[in-house]
Every structure is written in C-alpha cells, then in structure tokens.
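Engineer: Next come a sequence and a model predicted from it.
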Amino acid sequence: MLKRRLSLFCAVFAAASPLFAFTTVGPQVNCQFRTTQVNPIQLALDAGHSEIRLVGAASYNGSLVVNGTTDVSFRGGFADCTQAANNVLPVAPQPSVLIAGASLAAGIILGSAPNRRRVITLRSIELRPNLEQNPTGPGIWVNGLLDARLERSRITGFNHAGGNGGGVMLFDGRLILINSEISQNRAQKGGGAYCSGGEVRMDPASRLLLNRAETLDSNGEGGGAYLQNCTFQSEGRVLPSTL
C-alpha cells in the first residue's frame, strides 16, 4: 500500500513540474536552438521553455510573442552554449542582440495571464529593429497586468510612426528598468515610453536617452515618456558632462 501511495505521489509531482525549465540558443552546434533557424527564440518559446539562455555578442532575428501563464526570462551574455547549459557567465558579459522583424506590431509582444501577474525578464539583451525591412512599431508592447523587467539591457532605434511608444508601449502593466537604457526611439507620443494605466520604475543606473516625440504641440507629447494615468518612479543621479 505504501509503495502504491509513493508511486502516485511521484506521478503527481512529475506532472506538476515543468517539463522544460531552460534551453540554450546560439550559433554553436551544441546549442539546442541555433541562429541558423528561422526565429530560434520563438521556436524555444513555442516548445515550452521558460528560461532562454542566449550566447552573447550574437544576433537573433525575429519578433517575439510571449503568451502563456508562466514567468519567462531571456538571459543573454553567455560565452557559448556549453557555458549557458552550466549557467556560467563571463566576468564581463556581452549583450545578446535581438533584431526584430517586420511581421509583427512590435519587436516583442508580452501578454498577461488570466489568473496571475506574470514576470517577463530581459537580462543582458539589446533589442533593435531590422532597418532593412523598414519596420514601424514599438520595441516592446506590454499588454495587461504583468511585470516587464529590463536588467542590464537596452532598447534602441525603434520608430513607431503614427503610433505611441517608440521604445516601450505599456498598457496597465509595470515596466522596471535596472541598469538599463531606452534610447534613440521615436513615436507620435512617448518616444522612449508610452504608459497608460500602468507604472514605470527606474533605478539610478537606468536612463531614457535621446528619444523623440514626432508631433510636438503646446502641451508636449513626451520625447522621453508620455504618461496617462501612469505612475513614474525614478531615482535621480548626476550624469557625466560627456553625455
């Protein structure tokens, strides 16, 4: 009887555990998903992985849709897929570069979960548009009650022509910047970030830099950030004179 109960417990525990905790993506042959594939990061997400470990100083093409109910993290900067599998980062990680395509409304679309507040983390990631495809849209679209965390990451170069939020377009969610940067993005309102009904938090090492609102009027349209029923929290610092 005890053996039967133990077997039943093990079966239930196995069913409740995630089947795919992490995976590796990069250019090496031992990576589980390779940069030679079409949109390898989306393939990893679609396969059920919730932690995507990326080789640093490499480029990854394709826009992403991050739906579901679990927390998801994109961790860049690994020297190769062997080090990624062993969870060993170099002393000075180089960011992994995500190059958005033109097939979606944003570089990365983050969807909320129906029953919990999920957390999506980008660590040591640089998100850029593919300028050869002449895309238009924000870098990240945060849609719903979720947390989007940028840690040692950067969103740069996006142009949401005729729309709002060049770097980030945020509805009801929370954007958290930790030692991160949103720079050189453009939009009709909120060149750096457009926030409606949500919250933006920035630590002293983070910054909104050289973003631009394309339609300026007497009310201002928010080159750095446009806030509508949004809480903005930023810890100040003294910037170097070279900026």
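Structural biologist: Perfect, thanks for sending it.
Engineer: what's the spacing between the residue lying closest to residue 55 once chain neighbours are set aside and residue 195?
Structural biologist: Distances taken as C-beta to C-beta, 6 or more residues apart in numbering place residue 26 nearest to residue 55, at 3.1 Å, with adjacent residues excluded. C-beta coordinates here come from the backbone N, C-alpha and C atoms, glycine included. Going from residue 26 to residue 195 by C-beta to C-beta, to the nearest Å gives 34 Å.
Engineer: Same question for residue 150.
Structural biologist: 14 Å.
Engineer: again, but for residue 54
Structural biologist: Relative to residue 195, and taking C-beta to C-beta, residue 54 is found at 27 Å.
Engineer: Report how many residues lie close to residue 22.
Structural biologist: Residues lying near residue 22 (other C-beta atoms under 10 Å) number 17.
Engineer: Looking at strand pairing, list the partners for the closest residue to it other than its chain neighbours.
Structural biologist: Taking C-beta to C-beta, 6+ apart, and ignoring the residues beside it in sequence, residue 22 has residue 51 as its nearest neighbour in space, at 3.8 Å. Bridge pairing for residue 51 (DSSP bridges) gives the partners residue 22, residue 73.
Engineer: Need the per-residue pLDDT for residue 51.
Structural biologist: As predicted, residue 51 sits at a pLDDT of 98.
Engineer: The one 10 residues further on too?
Structural biologist: We have a pLDDT of 96 for residue 61.
Engineer: ok, the residue nearest the centre of the chain - contacts?
Structural biologist: In the chain, the centroid-proximal residue (C-alpha atoms, centre = their mean) is residue 122; its distance is 4.5 Å. Counting by C-beta atoms under 8 Å, 6 or more residues apart in numbering, residue 122 touches 73-74, 76, 148-151, 153.
Engineer: just to revisit the earlier point, what is the residue nearest to residue 55 paired to in the beta sheet?
Structural biologist: Beta-bridge partners, per DSSP bridges, of residue 26: residue 34.
Engineer: What is the neighbour count of it?
Structural biologist: For residue 26, using other C-beta under 10 Å, the count is 27.
Engineer: Please verify my assumption that the residue nearest to residue 22 contacts residue 76.
Structural biologist: No - look at residue 51 against residue 76 with C-beta atoms under 8 Å: they stay out of range, at 11.9 Å.
Engineer: out of those two, which sits in the busier spot?
Structural biologist: A direct count of neighbours by other C-beta under 10 Å for residue 51 and residue 76 places residue 76 higher, at 29 against 19.
Engineer: State the distance from the more buried one to residue 97.
Structural biologist: 8 Å.
Engineer: Mutual contacts of the two, please.
Structural biologist: Shared contacts of residue 76 and residue 97 (C-beta under 8 Å, 6+ apart): 125-126.
Engineer: Any stretches of the protein with poor pLDDT?
Structural biologist: Within the chain, the stretches with pLDDT under 70 are 1-20, 216-220, 237-243.
Engineer: how about 80 then?
Structural biologist: 1-20, 102-103, 133-136, 215-220, 235-243 (pLDDT under 80).
Engineer: For residue 81, give me its contacts.
Structural biologist: Here residue 81 is in contact with 24-26, 28, 30-32, 53, 55 (C-beta under 8 Å, 6+ apart).
Engineer: Contacts only, for the residue nearest to residue 22.
Structural biologist: Counting by C-beta under 8 Å, 6+ apart, residue 51 has contacts 21-23, 72-73, 75.
Engineer: so residue 232 makes contact with residue 200?
Structural biologist: Yes - assessed by C-beta under 8 Å, residue 232 is found in contact with residue 200 at 4.9 Å.
Engineer: related to what we said a few turns ago, want to try CSV for the contacts of residue 51, with distance to residue 90 as columns?
Structural biologist: Shown next, in CSV, are those (distance: C-beta to C-beta, whole Å):
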residue, distance to residue 90
21, 22
22, 18
23, 20
72, 23
73, 18
75, 13
